[in-house]
Structure formats: C-alpha cells, structure tokens
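>>> Got a sequence here, can you build the structure:
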Amino acid sequence: MDTGRIEEITRLVIRAMEDAKEDVRMAVPVGVSARHIHLTQEDVEKLFGPGYHLTKKKDLMGGQFAANEQCTIVGLKLRAIENVRILGPVRKASQVEVSATDARTLGINAPLRESGDIAGSAPIALVGPKGAIYLKEGCIVAARHIHMTPTEAAAAGLKDGDYVTVRMGNDRGASLTNVKIRVHESFTLEMHIDTDEANACQIKQGDVAYIVND
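Numbering: from 1, shown residues only. Predicted coordinates:
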C-alpha cells in the first residue's frame, strides 16, 4: 500500500475516533441573519416622516418583527448598501447590524458585539424616503448566539450566558466555537449566525446544527 493511501486511512481513523468521543447535547435549527436595522421612534420619524410608525411584514421571536420599511446605510467614503430591512418594535437606541464583509464594503471598522452593545462602535449614516440620520456610534457585527427557552436550556444542561461549540450537520463538518446561549421564555430554539458564517460553513436557513460537549 502506498504512503499516500496509508496517510488517508490514518486521517479517517483519527476523525472517526474524534467523532466517537463527541457527545451531542442538542440539535438546533439554524437561522441566517442578514444585515438589518433597529431604530428609535425619533429616528423612524426622521427617516419616514413625522408621526410615522413601522408596519409589520413578518413576526419574529421575542416579540420582534420584520418591518416592511427599508433604508440605505452609508459608510465612509459614501459607500452604501441599499434596501436594508428594519426590525421592530422601536428601541431605546438605534443600531445597524452587518456582516464583516458588509463592513469592508462600507469602509467601516464595525466591532464584533452582542446586539445592544453599541458603545464605541462604528459610525454610520442611514437614508430614508423623508430624510437621513447620522449615528456617531451604532454599527456592529453581531456575535453568533443560540436562542432557547428555560426548559430547553435545562434539558441541555445550559444556562443563559454560557458559551458552547456547535458542529454543522453537513459534509463540510465545520464547527463554531464561542456561541453564546441566550435564554428567555419568549424565544424559539434557533442559532443565529450571519451570512459570512453561513457561507463559510456551507449551511443555510433551516439546516440543523448540533451543540456538542467539548
């Protein structure tokens, strides 16, 4: 048997041994989160006109919804991305969540953060049909995470704020580490990753991934 074939068999055996040791805690549906915007009511009215309120397109988990409204986001050197979806309801602070690829397209240095953690984040401008706003801070790359109910967390031996490793359920065999667990009664079990992560792992909306014991 030639050396190349021996090396190939050795790699397969090592991989099989690693897989055998891996203990799957839970299967989790995957949600691919595209770029989106959260706004205050004040900023909604600046972009869409006085007295304007977001209109619902689709319900999301945790009382959120995808709005019918969209706007253009503009980074440094006037680089822009059009038709970015707004999510409701309105928040106490406006923010924009993009992928790392989007950030490079816009020419901004958006930090990796949890949603809502925007202190010191990248500046960004938003343009709507009735006006424009400039956020001195507010653009982030959202950190990957898993939503689950308290019952689901207990079943997996996890709690809010834990970090886990997740293996993709496909031929690519990719794994993601540092996936944060978020627990609330209103949540639906789902892992949220951005488009960059989904493309790298060759996984799409609705596919299944697995929380594993390290």
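
>>> Could you use CA atoms for every contact and neighbour count after this?
Will do.

>>> Domain map for this protein?
Following automatic domain parsing, the chain resolves into domains at 23-31+144-212, 35-142.

>>> how about those in TSV, adding mean pLDDT?
Shown next, in TSV, are these (pLDDT from 0 to 100):
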stretch	mean pLDDT
domain 23-31+144-212	93
domain 35-142	96
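
>>> So what's the residue count around residue 29?
If you count neighbours by other Cα atoms under 10 Å, residue 29 ends up with 17.

>>> For it, which non-adjacent residue is closest in space?
Closest residue to residue 29 apart from its sequence neighbours, by Cα to Cα, 6 or more residues apart in numbering: residue 208 at 4.5 Å.

>>> Surely that neighbour is in contact with residue 30?
Yes. Residue 208 is within contact range of residue 30, at 5.7 Å (criterion: Cα atoms under 8 Å).

>>> quick one: which of these two has more around it?
Ranked by neighbour count (other Cα under 10 Å), residue 208 and residue 30 place residue 30 first, with 22 against 18.

>>> what's the spacing between that one and residue 80?
Using Cα to Cα, to the nearest Å, residue 30 is found at 28 Å from residue 80.

>>> And for residue 45?
21 Å.

>>> Could you do residue 24 as well?
Plainly put, residue 24 is 42 Å away from residue 80 if you go by Cα to Cα.

>>> These two: who's more crowded?
Of the pair residue 24 and residue 80, residue 80 is the one with more neighbours under other Cα under 10 Å, namely 18 against 15.

>>> I'd like the distance between the closest residue to the more buried one other than its chain neighbours and residue 29.
Nearest residue to residue 80, sequence neighbours excluded (Cα to Cα, 6+ apart): residue 74, at 4.3 Å. Residue 74 sits 32 Å away from residue 29, taking Cα to Cα as the criterion.

>>> ditto for residue 122
Residue 122 is 31 Å from residue 29, by Cα to Cα.

>>> can you give me the helices in the chain?
Ranges of helices in the chain, per DSSP state H, are 3-21, 41-48, 100-106, 150-155, 195-201.

>>> Strands of the chain, start to end?
For the chain, strands defined by DSSP state E occupy the ranges 24-33, 36-38, 56-59, 65-74, 80-88, 95-98, 112-113, 122-127, 132-142, 145-148, 163-168, 175-183, 190-194, 208-212.

>>> Report the contact partners of residue 138.
By Cα atoms under 8 Å, 6 or more residues apart in numbering, residue 138 lies in contact with 94, 95, 96, 118, 119, 120, 121, 122, 123, 124.
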